[in-house]
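>>> Fold the following, please.
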Amino acid sequence: MSTLSLVAPFAGERYRADLAARVAPPYDVISPSEREGYAGRDPRNIVHLILPAGSGDRYAHAARLLASWRAEATFARDPAAVYVMAQRFTLPSGERRTRLGCFAAIAAEPFAAGRVRPHERTHAAPKADRLALLEATTTNLESIFLLAPDPDRRLAQALARTARGVPAGRTTLDGVDIRLWVAPGEAGAELARLAGRGPLYIADGHHRYETAAAYAARRPGSGAERVLGFVVAADDPGLVILPTHRIVARAPADPQPLIERWRTWFDVGRVAPCADRGEHLALLGRTRTACIVALPSGADLSLVLKPDAPLAGVTGLGRTDAVRVLDVARADALVVGPLLAGAPAGALSYTPDLATAFDAVRQRGAAAVLLNPPGVAQVFAVADAGDVMPPKSTYFMPKVPSGLVLRPLPERPE
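Sure, this is the predicted structure:
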């Protein structure tokens with residue numbers, strides 16, 4: 001059993017100036033055109049490091065660039081601290097929310113230890129990419145995003161107390177208002193203790209976490225046993241998961257055979273043309289699995305799982321009950337799969353945005369399967385069961401910004 005505390009303060013680096021021009025979203029949600037946009041904002045924008053460009057060894061280029069920025073005093077180094085961040089954002093519905101959490105150093109260890117739990121399957125290529133960058137820069141340039149059970153709300157209360165002070169930094173990124181506070185000394189130690197009382201669940205950043213764990217395993221006792229993480233209490237009112245809708249590139253010319261097949265499991269109805277699809281879907285899915293199939297004809301279908309639906313013999317629903325009860329697992333197996341039958345590779349895409357899904361349907365002849373989001377409790381249940389959710393099951397909003405604080409790997413254990 002590890003004697004390393006799960007969460008700890010760390011001595012971070014922060015930009016001295018021009019924060020608004022230098023932060024960016026996480027590397028894996030930035031398109032090539034967006035990358036150029038962020039890069040053009042400032043020659044020291046963090047995107048130059050997290051998505052290094054150029055010919056030759058891009059990772060060595062990022063390391064040289066980071067070293068030059070440090071030599072030019074681009075960053076200020078803090079004493080050991082925990083960093084509290086508030087993100088105020090607008091939901092697609094127009095509602096305003098604020099999410100509160102903290103940046104800290106998280107133990108980077110195999111999932112078998114049970115203290116950090118995944119819900120998503122990872123792939124070799126992204127891990128190799130992030131490992132090469134970590135080895136070159138020896139710095140956590142971005143944060144993973146984790147959820148902490150907080151049944152007594154002591155973590156939430158401690159975060160709120162810190163956030164009552166004057167922020168050490170403020171900026172805006174893609175419409176999200178961001179404030180940052182530094183909690184050194186006993187205040188930071190207490191936040192770390194409260195955040196690390198139980199297991200942590202990865203919301204975003206599975207590849208980066210596994211990369212950090214692999215890096216640490218190669219260097220025992222070197223001080224590489226931690227990774228930068230952003231921890232949010234599981235009951236935080238600003239914690240939002242959006243659904244990830246499925247888009248099938250070409251809708252069936254005649255959906256009737258599929259409709260008859262779907263009637264095996266679902267009560268199939270028509271959605272009124274004037275109905276708000278998001279609101280209607282939420283209403284349908286209050287007690288049972290539901291989805292809406294949007295078609296180019298405009299004759300959109302509502303599918304609500306029958307109470308006695310014969311699911312026992314259905315393949316592809318998942319290994320454990322925690323996955324088999326998910327709307328997304330059932331929709332993928334029973335609805336998306338039949339829509340994809342005979343389709344070429346690459347026919348399936350994903351979006352958390354309803355407008356994007358409808359544009360694909362109405363303008364490009366696609367079919368879209370619209371879903372309700374999973375809940376945090378379902379994410380925890382899947383992770384606790386040692387299982388993984390179907391691909392693109394969760395979309396946490398907003399993303400954790402990159403560039404607010406960096407974590408240089410220490411030369412000795414913390």
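>>> Give me the domain ranges for this structure.
Following automatic domain parsing, the chain resolves into domains at 7-240+396-408, 244-372.
>>> tell me the most buried of those?
Neighbour counts (mean count of other CB atoms under 10 Å) averaged over each of the domains of the chain peak at domain 7-240+396-408, with a mean of 18. For every residue, glycine as well, the C-beta is placed using N, CA and C.
>>> And that one, end to end?
From its first residue to its last, domain 7-240+396-408 covers 16 Å (CA to CA, to the nearest Å).
>>> Show me the strands in the stretch 301-414 of the chain, by range?
Using DSSP state E, counting those that start in this stretch, the strands of the stretch 301-414 of the chain run over 301-305, 348-351, 367-371, 395-397, 407-408.
>>> can you tell me which of the ones you listed comes nearest to residue 96?
Nearest of those to residue 96, taken as CB to CB: strand 395-397 at 12.6 Å.
>>> Give me the contact list for that closest one.
Here strand 395-397 makes contact (CB atoms under 8 Å, 6 or more residues apart in numbering) with 89, 91, 145, 203-204, 239-244, 352, 373.
>>> And for stretch 321-334?
Outside stretch 321-334, the residues that touch it by CB under 8 Å, 6+ apart are 243-244, 246, 262, 265-266, 285, 289-291, 305, 311, 314-318, 369, 371-372, 374, 378, 381-382, 384-385, 387-390, 393.
>>> 6 Å - rerun?
265, 289, 291, 314, 316-318, 369, 371-372, 374, 381-382, 385, 387, 390, 393 (CB atoms under 6 Å, 6 or more residues apart in numbering).
>>> what about the stretch 101-250 of the chain, any weak spots by pLDDT?
Across the stretch 101-250 of the chain, no stretch falls below the confidence threshold (pLDDT under 70).
>>> And the strands in it?
Using DSSP E, counting those that start in this stretch, the strands of the stretch 101-250 of the chain run over residues 116-117, 139-140, 144-148, 169-173, 176-184, 200-204, 226-233, 240-242, 245-248.
>>> partners of the last one, with directions?
In this case it means strand 245-248. Here strand 245-248 has these sheet partners by DSSP bridges: strand 348-351 (antiparallel), strand 367-371 (antiparallel).
>>> As a markdown table, these with distance to residue 112 and mean pLDDT would be great.
What follows is these, written out as a markdown table (distance: least, CB to CB, whole Å; pLDDT from 0 to 100):
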| stretch | distance to residue 112 | mean pLDDT |
| --- | --- | --- |
| strand 348-351 | 30 | 96 |
| strand 367-371 | 32 | 97 |
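>>> Now render those strands as JSON lines, adding distance to residue 193.
Shown next, in JSON lines, are those (distance: least, CB to CB, whole Å):
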{"stretch": "strand 348-351", "distance to residue 193": "38"}
{"stretch": "strand 367-371", "distance to residue 193": "38"}
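>>> Tell me which of these lies nearest to residue 71.
With CB to CB as the criterion, residue 71 lies closest to strand 348-351 of those, at 42.0 Å.
>>> Tell me the gap between the closest one and the middle of its chain.
Relative to its parent chain, strand 348-351 has a centroid offset of 16 Å by CA atoms, centre = their mean, to the nearest Å.
>>> repeat for stretch 138-153
Using CA atoms, centre = their mean, the offset of stretch 138-153 from its chain centre is 11 Å.
>>> quick check, residue 59 in a strand?
No. Counting by DSSP: H, G, I helix; E, B strand; the rest coil, residue 59 falls outside a strand, being helix.
>>> who are the neighbours in contact with the nearest residue to it once chain neighbours are set aside?
Excluding the flanking residues, the one nearest residue 59 by CB to CB, 6 or more residues apart in numbering is residue 136, at 3.9 Å. By CB under 6 Å, 6+ apart, the contact set of residue 136 is 59-60, 63.
>>> just to revisit the earlier point, include distance to residue 117 when you put the contacts of strand 395-397 into JSON lines, please.
As requested, the contacts of strand 395-397 are exported to JSON lines (distance: CB to CB, whole Å):
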{"residue": "89", "distance to residue 117": "26"}
{"residue": "91", "distance to residue 117": "27"}
{"residue": "145", "distance to residue 117": "13"}
{"residue": "203", "distance to residue 117": "11"}
{"residue": "204", "distance to residue 117": "14"}
{"residue": "239", "distance to residue 117": "17"}
{"residue": "240", "distance to residue 117": "20"}
{"residue": "241", "distance to residue 117": "16"}
{"residue": "242", "distance to residue 117": "21"}
{"residue": "243", "distance to residue 117": "22"}
{"residue": "244", "distance to residue 117": "21"}
{"residue": "352", "distance to residue 117": "23"}
{"residue": "373", "distance to residue 117": "19"}
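>>> How about the contacts made by residue 303?
When contacts are counted by CB under 6 Å, 6+ apart, residue 303 touches 262, 266, 268, 291.
>>> Just the mean pLDDT for the strand or helix carrying the last one, thanks.
If I follow you right, that is residue 291. Assessed by DSSP states H and E, residue 291 sits inside strand 290-294. For strand 290-294, mean pLDDT is 97.
>>> Neighbouring strands - and their directions - for that strand?
Strand 290-294 has its sheet partners listed here by DSSP bridges as strand 301-305 (antiparallel), strand 367-371 (antiparallel).
>>> Can you tell me what sits against stretch 270-277?
Here stretch 270-277 makes contact (CB under 6 Å, 6+ apart) with 292, 300, 302.
>>> Quick check: the gap between the closest residue to residue 34 other than its chain neighbours and residue 37.
Excluding its sequence neighbours, the residue lying closest to residue 34 (CB to CB, 6+ apart) is residue 25, at 8.0 Å. In this view, residue 25 and residue 37 are 11 Å apart by CB to CB, to the nearest Å.
>>> Please apply the same query to residue 14.
Shown here: residue 14 relative to residue 37, a distance of 23 Å by CB to CB.
>>> swap in residue 91?
Residue 91 is 24 Å from residue 37, by CB to CB.
>>> next one: residue 347
Relative to residue 37, residue 347 is positioned 29 Å away (CB to CB).
>>> Likewise for residue 284?
Applying CB to CB to residue 284 and residue 37 gives a distance of 38 Å.
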